[in-house]
Structure formats: C-alpha cells, structure tokens
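Q: kindly return the folded structure for what I paste below:
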Amino acid sequence: MWLRGILVAALAAASAWGVHTVAPAVPLLTMAVVLGIVVGQLPAARPALAGALAAGLSVAAKPLMQLGIVLLGLKLSLVDIAALGWVTIATTVAIVLLTFVGTLGLGRWFGLPGHQPLLIATGFSICGASAIGAMSGVVKAKDEETATPIALVTLCGTLAIAVLPLLWHPLGLSALQFGHWVGAGVHDVGQVVATAQIAGSSALAVALVVKLTRVLMLAPIVAVASIVERHRPADAALMATAGSPDARKGLAKRPPIVPLFVAGFIVAMLVRTLIPLPEPVLVAAEVVQTGLLAMALFALGTAVNLVTLMRTGGRPLAVGLLSWVLIAALALGAVHLS
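A: Numbers count the residues shown, from 1 in each chain. The predicted structure follows:
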C-alpha cells in the first residue's frame, strides 16, 4: 500500500539530484523540499497525495528521515570537531542554544500554534528541515504544524545563499572567517555548501566542520524534548484515570527518553571517530543518507499548503526572518571572538 508513495518520493529525490548535478549551486535537499511544495499546490495531485500516496509518503517522511539522520552521524568525527579549538566549539554551541531559546520565545510571543515554535526553533538553530523532521517525530507534531516550519527554513536558507556572499567583503571578513560565519549561521548542510563554496575550498572545509558541530547538537536537544514530552501536563488527565485501559495505552505511547534514531546517530558518530572506515563506505553512506533525506523532505514538502500558510498572516514569516537575523548576528559575533 505504501510502495507507490515511496516510489514517487524516490523519483522526486532523483529529479532534485538531477537539478543539483546540472546546477551545483542549487542545494539538493532544498530542491527536494521545493519540489514537494510545488507538487503539493497542484489541484490534480492533491487527491493522490491524500489518498493512494499518503501511506508511502508518511513512511518517507518519518522512518526514512530517521534512518537518514542516523547515517548523518557518519559525517561527524569528534577529532575534526576538536581541531576547531575550544573557543570555536563553545561559541558554536552557544549560538545553537541562544538561537533555539530566542526563536522558541519569539514563536510563543507571536502566538504561533501547537508545536510550531519548537519546530521553527529546532530547524533554524540546528540543521534546517532535517532537524524539523526529527523533532516532529519525537513530539508527534501534526503534518500542518510541520509544514510551515519546513517552508520557512527553506525560504530563509535560500535567502542566505543569495544574501550572505553579498555581505562577505563589506563586513571585512577573510575567506576563512566567511566560511566560519556560513557554517555557524546557515541552516541546512546543502545550503552551507552552496554559500561557502564561493570563498574557496578552505572556507568550505571550515564551514562544514562548524556546521557539523551544530548538527551534533541535534542529539541532546531532541533527547531533552523527548524527556519534556514524557512529562507534559496532558499526562495529568491520564493519571486521573490511571487504572483505565485508555490511560495505560496513552502512557505507553509516551516517547522514549532517548529516541532510537538519536541513539543510532550517536553510535554512527562514535564509529566514524573510533574506526578508520574505508572511503568507499563513507561515500556510499553519504549517497544513501542524502537520498533518504531528499525523499523525506519531498514528502514533508507536499504537506505545505501555501494558501493556508498565507491565511495565517505574517506571524510565522516574522518569526522565521527574526530568527534568521538572530543566528546570522550571533554567528558573526562568534567569528570575531574566535
């Protein structure tokens, strides 16, 4: 039943890969999200998206997303991160935490509904749409709650590709400082590559290591969110009828303290750090990981309804743009401290 949706997501991922191959400046994962958003707006496609393809797209958006995040851990070596120095590591962690808390506060101040503040904060502070997908799975966010943050982080990440290079020389940054700024302030890994590569290979290398240090924060932040979710006030209603079958069922559905895919991400990171894996294995893992995330982000993109998004007014867009400015400003400050 789910095979058709999986195949559609795979074809979409292959199409995004093709666009990226022809135009390397277009990040593959960003293209996958945009493709999903475009398909989601087609009146002819909506019945299939909500019907025959729904089960497969749900598998792509959740289990395949989580598997891709586990494989993302193979990109992280604690040795490379340690080589940045403690000042860079400390400022990078501080940027993630301050952006997360600041964006969460902005989302609540603007009155965004449900889990949207949490999801926007996760995406903008850590690693874009992939982080939003990971967090939404832990807090059991509805598709409509996930769609708006995905659209916002895609929009702002795409703006970063165009805007940050224009500010490189006016801000008086060296190539390496520009790479540091991009790695600390741009959302998605693909967007980081597209933005930093114009400053050369050394700037790109710095940007990627700084960016992957931010990705490392995905595990603890999602784990903390999982713990908080287990103790939500909603559980009080269940406790009032603790002996009932419904109460036991509700308690059983609480997320684990450390989600399985987060544990897998940590294990993959430790494997990369401790075991000298052959280059072909790492290349193959990256291809699979990118393909899985592209499929997942296409599936998540199809849930974006631009008409509904426009009806929500400017509040989500305001939160997204303010968060984008916040992380860019914090990252620029960190560049000058390092």
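
Q: what helix or strand is the residue lying closest to G73 once chain neighbours are set aside located in?
A: Distance criterion CB to CB, 6 or more residues apart in numbering; nearest residue to G73, sequence neighbours excluded, is A268 at 3.0 Å. Using the backbone N, CA and C atoms, a C-beta is placed for each residue, glycine as well. According to DSSP states H and E, A268 maps onto helix 260-274.

Q: list the buried residues for that helix?
A: Under the neighbour-count criterion of 16 or more other CB atoms under 10 Å, helix 260-274 has 261-262, 264-266, 268-269, 272 buried.

Q: distance to G301 and pLDDT added to those residues, as JSON lines?
A: Below are the buried residues of helix 260-274 laid out as JSON lines (distance: CB to CB, whole Å; pLDDT from 0 to 100):
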{"residue": "F261", "distance to G301": "21", "pLDDT": "72"}
{"residue": "V262", "distance to G301": "24", "pLDDT": "72"}
{"residue": "G264", "distance to G301": "24", "pLDDT": "84"}
{"residue": "F265", "distance to G301": "23", "pLDDT": "79"}
{"residue": "I266", "distance to G301": "28", "pLDDT": "83"}
{"residue": "A268", "distance to G301": "26", "pLDDT": "88"}
{"residue": "M269", "distance to G301": "27", "pLDDT": "83"}
{"residue": "R272", "distance to G301": "29", "pLDDT": "89"}
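
Q: closest to L337 among those?
A: Nearest to L337 among the buried residues of helix 260-274: M269, at 26.0 Å, using CB to CB.

Q: which pLDDT value belongs to the residue nearest to L104 when sequence neighbours are not counted?
A: Closest residue in space to L104, ignoring its immediate chain neighbours: A121 at 4.2 Å, by CB to CB, 6+ apart. pLDDT for A121: 94.

Q: quick check: A121 vs D143, distance?
A: 19 Å (CB to CB, to the nearest Å).

Q: try V70
A: According to CB to CB, V70 and D143 sit 23 Å apart.

Q: pLDDT weak spots in the stretch 1-150 of the chain?
A: 1 (pLDDT under 70).

Q: burial count for the closest residue to L306 other than its chain neighbours?
A: Leaving aside its chain neighbours, L306 sits nearest to Q41 (5.8 Å; criterion: CB to CB, 6+ apart). Neighbours of Q41 under the rule other CB atoms under 10 Å: 13.

Q: now Q41. Its backbone dihedrals?
A: When read as degrees, to the nearest 10, the backbone of Q41 gives phi -90, psi -10.

Q: can I assume it is in contact with T302?
A: No. Contact criterion CB atoms under 8 Å: Q41 and T302 do not qualify, at 9.3 Å.
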